[in-house]
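Colleague: Kindly return the folded structure for what I paste below:
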Amino acid sequence: MKLRFIGTTSEHGNCPTLYETETGDIVVQGDELDPAHRAQLRDLGVAETAVVIPRELLTRFAPKE
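Modeller: From the prediction side, this is the model:
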C-alpha cells in the first residue's frame, strides 16, 4: 500500500498526521489511547488500535468529500 502525506499539525515531524491510500482511504497516525480509555471502546478487534487525533488536524486537513 502506498501512502500519500496529507498534513500534520506537529511542529517537529512527530504525530499526529494524516495520510491517504491509493484507494482514497485515510490513515491516521497519532498517540495510542491509554488502556483505561481503550476499555471504553466497543468491539475493538484484535488487529485494531485507537489513536488520539486533535480536532484541528481533522478540520484542517481531512478530505471534505
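Colleague: Assign Thr23 to helix, strand or coil.
Modeller: Classification of Thr23 using DSSP: H, G, I helix; E, B strand; the rest coil returns coil.
Colleague: Quick check: phi and psi at it.
Modeller: Phi and psi for Thr23, reported as degrees, to the nearest 10, are phi -90, psi 0.
Colleague: any idea how far it lies from Lys2?
Modeller: For Thr23, the distance to Lys2 (CB to CB, to the nearest Å) stands at 10 Å. No exception for glycine: its C-beta is placed from N, CA and C like everyone else's.
Colleague: Show me where this structure has its helices.
Modeller: Ranges of helices in the chain, per DSSP state H, are 35-38, 55-61.
Colleague: got the CA coordinates for the last one in PDB?
Modeller: Coordinates of the C-alpha atoms in helix 55-61 are reproduced here as PDB (Å, rounded to 0.1, in the frame of the first residue of the first chain):
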ATOM      1  CA  ARG A  55      -9.800  18.200  16.200                       C
ATOM      2  CA  GLU A  56      -7.600  20.800  14.500                       C
ATOM      3  CA  LEU A  57      -5.900  18.200  12.400                       C
ATOM      4  CA  LEU A  58      -9.100  16.800  11.100                       C
ATOM      5  CA  THR A  59     -10.800  20.200  10.400                       C
ATOM      6  CA  ARG A  60      -7.700  21.500   8.700                       C
ATOM      7  CA  PHE A  61      -6.600  18.500   6.500                       C
END
